[in-house]
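Engineer: Predicted model follows, preceded by the sequence.
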Amino acid sequence: MKQMKRSLSLVLVVMMILSMVVTVYAVEDLPVLNGIVVEVQKYGNLTLDIAPSAFYDAGYELGDVLEITVGDNVLELPFVTSYSDVDTGSLLVRDDKGNDIVVVAINMGNFSTTYGVEAGDEVSFALVEKEGYLSEYLLRQLTRTYVREDYATDSIYANFRSIATEGINPGLIYRSCSPVNNELNRAAYSDALAEAVGIETVVNLADSIEELEGFMAEEGFKSDYYKSLYEDRKVILLDMDVDVAGEEFGAKLVEGFKFIIDNEGPYLIHCTEGKDRAGFASALLEALMGASLDEIVADYMTTYENYYGIEKGSEQYDAIAESNIITSMTMVVAGLEKGSDLTDVDLAEAAEDYLKDKGMTGSEISDLKEKLSGDPIYKSPMVMGEVLEIEKYGHASTDILIEDFRDLGFEEGDMVAAVFDNGFVLEAPFLDGYYVDTGYPLVRAYPGHTNIAVCINYGKLNEIADVEVGDMVTIMLTESEGYQVQYEIRKLERTNNREDYGSDEIFANFRNISLGTVAEGVLYRSSSPINNELGRAAYSDMLIKGAGVKAVVNMADSAEDIAEYRSAEDFNSPYYASLYDNGQVMTLNMNLAYGSDEFRDNIVKGLIFMSENEGPFLVHCTEGKDRAGFMSAFIEALMGATKDEIVADYMQSYINYYGVETGTEKYEVITGDVLGMLGVISDADDLDAADLASDAEVYLMAGGMTADQIAMLKTKLSTPVEEEEIVVEPVLPVVPEVPSVPEEPAAKDETITYVVVSGDCLWRIAQEYLGDGALYTEIYELNMDIISDPDLIYVGQTISIPVK
């Protein structure tokens, strides 16, 4: 939900731009504002004695173009809130909302030295053009959060990746946000990834010794690996400003590159965000090693995709690339005018010339290129493989055999790192099941499979990591038994033998949902009544017939899947087949990425189907645990159930299948899955206090469901289904072989009398009174004088049941 809202905010910004009437205002009669330079900041920015409120009170607005007079300089600049609101090298007057001050600056430049301004100088502002920069300002309003759960992986959150452009092998040099300065709440994640891939040398573009030691002294400091590198003199601190065109910037960058020459990899380059200074440094190295402009831009813009969700190919993406890295490569590296065509420019030669100009010798450049062209550096054991298949749910199945993987020394419960040849990095546990939190990665050795796969639980790794068939991935051990405790807690085992479970309902994970305002007998959930891979389909089919289910939302299968199940030798689900043939089954073929728009759209499709049909309803997937678990939790939330009620119903599947006991550590760990689902429905910080019903409606409307459709759905779910006096024709699952010599039926005087009620069949009655549904034959033989067919009994019929 949070990711969706973040995306919606970007869409709204673009819509505002597109819908805005372009008007050029004449210079309005706004008062001139006069003030004094109070301070020249670290990077040459000016702070003034004029408060931001003075601008607004005088009629100035964000997006206006102003004229500043300071000394002999008369300059035009936009009124904005962030340095990224303008191009690299451009002027701005900034409302620094965090500090409630006005700042005059050059983005990635030094205003004070460029224009000879000092503290105490007088300044004045006047209006040049009302809203003259407004459309550009709106386009640049980018937002990110400081919450890990709003991002798909640790590496995306920390902007951590391997540089993997032409001439540089993945697994050699990495870039990221700061692993030590935690102002973005990302330091611990970047530090953990640096440790996972074995970083040996760090080029810190942002910090001074005093700043670094201040970070390490802060309460809650967690970047122990970085601290160990610093103490081993493996970190160079460059304390660089952001003026990429400045001489000092270039000189310090050369100093950092010489540090790479003198030390061993893997290497890490970072600033604070890993966006501007690290972005330029990475681009320069990429150009030096032969990368094309397209490769350089793609790597630079990955940061904007990571932080802000900017989509490649969008107007916003192109505008940011043009005004930032393309401008820097054009003006700073190639030495051309802004906007010049770089098509025929040899960027490798231009990068080399830049480095020479900043003081690097030809020999040093050769040494740097030799370092950057080296082989990948990975921890041991490690193995490289090729992606052979993108599975249905986005998992990347490789050509690495599970048996070979284990022979190398990898064991379930180990932590490993995967580095793809496009530079994407993740650290994950090696497991034989999906024993991680929702949305988190794992390297999988699934029982019954032969090959290793890299996965994201309930997420599409192929889309998140931009991975496709033919890509290469290297997997290395990062910590032996690093996930062992969690693995032992989460590892769950079940059987597919009916005899191991207390009832058909428990075996089939079948139950009625009647939480909130959902009427009893209207909504059911179960394992699949059609896919028999778990050996439960016939049981579930019998149970849904007994419940009188009329409409089914199948979240797991496609029409092709159902055709395949029906052609199988063990198919024994005639009731489900009849519903399907009559158009009473909606097949959604859903993935497990329940935080995605695609998943939401399928939820909406299924619920619209329910609103247009009559109950009782069934929702199911394969196990009736995950996708059906989300659907059930969602409906329960919509209908007013509490968080605790929803959690209890979700956990019933784990009680049914695995015997997980309430109140145990294992139970509490697994509840995190359903709480994660509720976090998709509601972005409330406190789910106990959240209005889940209202949040669920917002979710549905975002997916295109109308208020009328929602109202109809709620009416159908809250209205009891009238019982019908119908003949029940039970469909019996495959039963144990009947002995060749049947037992004699019980004598008439050893019986009890029973009246058939709605939903009964001989199998169900035998299960309840004789302890085994297969003994229905004894009831039939005892009542052959009134029952002509064991499949045909009716409500109100009086029968005899043998006493056991």
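Structural biologist: Perfect, I can see it now. Numbering: from 1, shown residues only.

Engineer: Quick check: phi and psi on residue 453?
Structural biologist: Note on residue 453: its backbone torsions stand at phi -130, psi 150 [degrees, to the nearest 10].

Engineer: For it, give the beta-bridge partners.
Structural biologist: When bridges are assigned using DSSP bridges, the partners listed for residue 453 are residue 397, residue 444.

Engineer: SS state for the residue nearest the centre of the chain?
Structural biologist: For the chain, the residue nearest the mean C-alpha position is residue 152 (3.0 Å; CA atoms, centre = their mean). Secondary structure assignment for residue 152 (DSSP: H, G, I helix; E, B strand; the rest coil): coil.

Engineer: The residue nearest to it when sequence neighbours are not counted: how many residues sit nearby?
Structural biologist: For residue 152, ignoring the flanking residues on the chain, the nearest one in space by CB to CB, 6 or more residues apart in numbering is residue 464 at 4.6 Å. Yep, even glycine has a C-beta here, placed from its N, CA and C like the rest. By other CB atoms under 10 Å, the residues close to residue 464 number 21.

Engineer: Pull the contacting residues for residue 338.
Structural biologist: Counting by CB atoms under 8 Å, 6 or more residues apart in numbering, residue 338 makes contact with 87, 89, 327, 330, 331.

Engineer: at 10 Å instead, please
Structural biologist: 87, 88, 89, 90, 322, 323, 326, 327, 330, 331 (CB atoms under 10 Å, 6 or more residues apart in numbering).

Engineer: wait, what's in contact with the fifth one?
Structural biologist: Right, residue 322. Contact analysis of residue 322 by CB under 10 Å, 6+ apart lists 87, 297, 330, 338, 339.

Engineer: do the fourth one as well
Structural biologist: For residue 90, the set of contacting residues under the criterion of CB under 10 Å, 6+ apart consists of 77, 78, 83, 105, 106, 107, 108, 109, 323, 327, 338.

Engineer: Looking at the last one now. What's its pLDDT?
Structural biologist: With respect to pLDDT, residue 338 has a value of 86.

Engineer: now swap in the third one and tell me
Structural biologist: Per-residue confidence at residue 83 stands at 90 (pLDDT).

Engineer: pretty sure it contacts residue 93?
Structural biologist: No - checked against CB atoms under 10 Å, the pair residue 83 and residue 93 is beyond contact range at 11.5 Å.

Engineer: Show me whatever sits in contact with both of the two.
Structural biologist: Joint contacts of residue 83 and residue 93 (CB under 10 Å, 6+ apart) are 103, 105.

Engineer: Compare these two and say which one has the larger neighbour count.
Structural biologist: Comparing residue 83 with residue 93 by neighbour count (other CB under 10 Å), the higher total belongs to residue 93, at 25 against 20.

Engineer: mind checking the SS state of that one?
Structural biologist: Reduced to three states with three-state DSSP, the structure at residue 93 is strand.

Engineer: ok, now residue 38?
Structural biologist: Secondary structure state of residue 38, per three-state DSSP, is strand.

Engineer: So it versus residue 104, what's the distance?
Structural biologist: Here residue 38 is placed at a distance of 11 Å from residue 104 (CB to CB, to the nearest Å).

Engineer: which residues are common contacts for those two?
Structural biologist: The contact lists of residue 38 and residue 104 share 46, 47, 48, where a contact means CB under 10 Å, 6+ apart.

Engineer: ranking those residues by neighbours, who comes first?
Structural biologist: Across the shared contacts of residue 38 and residue 104, neighbour numbers were computed from other CB under 10 Å; residue 46 holds the maximum, 25 neighbours.

Engineer: Could you report the pLDDT at it?
Structural biologist: 96.

Engineer: and it, what does it touch?
Structural biologist: In this structure, residue 46 makes contact with 35, 37-40, 68, 70, 93, 102-105, 111-112, 115, 117-119, 121, 123, judged by CB under 10 Å, 6+ apart.

Engineer: hmm, try it at 6 Å
Structural biologist: Remark: with contacts taken as CB atoms under 6 Å, 6 or more residues apart in numbering, residue 46 is in contact with 37, 104, 111.

Engineer: between those, which has the most around it?
Structural biologist: Across the contacts of residue 46, the neighbour count under other CB under 10 Å reaches its highest value at residue 111, namely 26 neighbours.

Engineer: Show the contacting residues for residue 115.
Structural biologist: residue 73.

Engineer: returning to what we had before: the contacts of residue 322 into CSV, with extra columns for distance to residue 554?
Structural biologist: As requested, the contacts of residue 322 are exported to CSV (distance: CB to CB, whole Å):
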residue, distance to residue 554
87, 53
297, 44
330, 55
338, 57
339, 56
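
Engineer: Which one of those residues is nearest to residue 588?
Structural biologist: Proximity of the contacts of residue 322 to residue 588 was ranked by CB to CB; the top entry is residue 297 with 38.3 Å.

Engineer: Not counting sequence-adjacent ones, nearest residue to the closest one?
Structural biologist: Counting by CB to CB, 6+ apart, residue 321 is the residue found nearest to residue 297 once chain neighbours are left out, at 5.1 Å.

Engineer: wait, doesn't the one you found sit right on residue 302?
Structural biologist: No - the pair formed by residue 321 and residue 302 falls short of the contact definition of CB atoms under 6 Å, at 11.1 Å.

Engineer: Run through who's touching stretch 699-715.
Structural biologist: Applying CB under 6 Å, 6+ apart, the external contacts of stretch 699-715 come out as 600, 601, 604, 607, 608, 610, 611, 681, 697.

Engineer: what do you get for stretch 592-609?
Structural biologist: Residues from elsewhere that reach stretch 592-609 (CB under 6 Å, 6+ apart): 393, 458-460, 553, 586, 588, 590, 630, 680, 700, 703-705, 709, 713.

Engineer: cutoff 8 Å now
Structural biologist: Residues beyond stretch 592-609 that count as contacts (CB under 8 Å, 6+ apart) turn out to be 3-4, 393-394, 438-439, 456-460, 551, 553, 555, 586, 588, 590-591, 619, 626-627, 630-631, 634-635, 677, 680, 699-700, 702-705, 709, 713.

Engineer: Inside helices: which ones of those?
Structural biologist: 3-4, 627, 630-631, 634-635, 677, 680, 699-700, 702, 709, 713 (DSSP state H).
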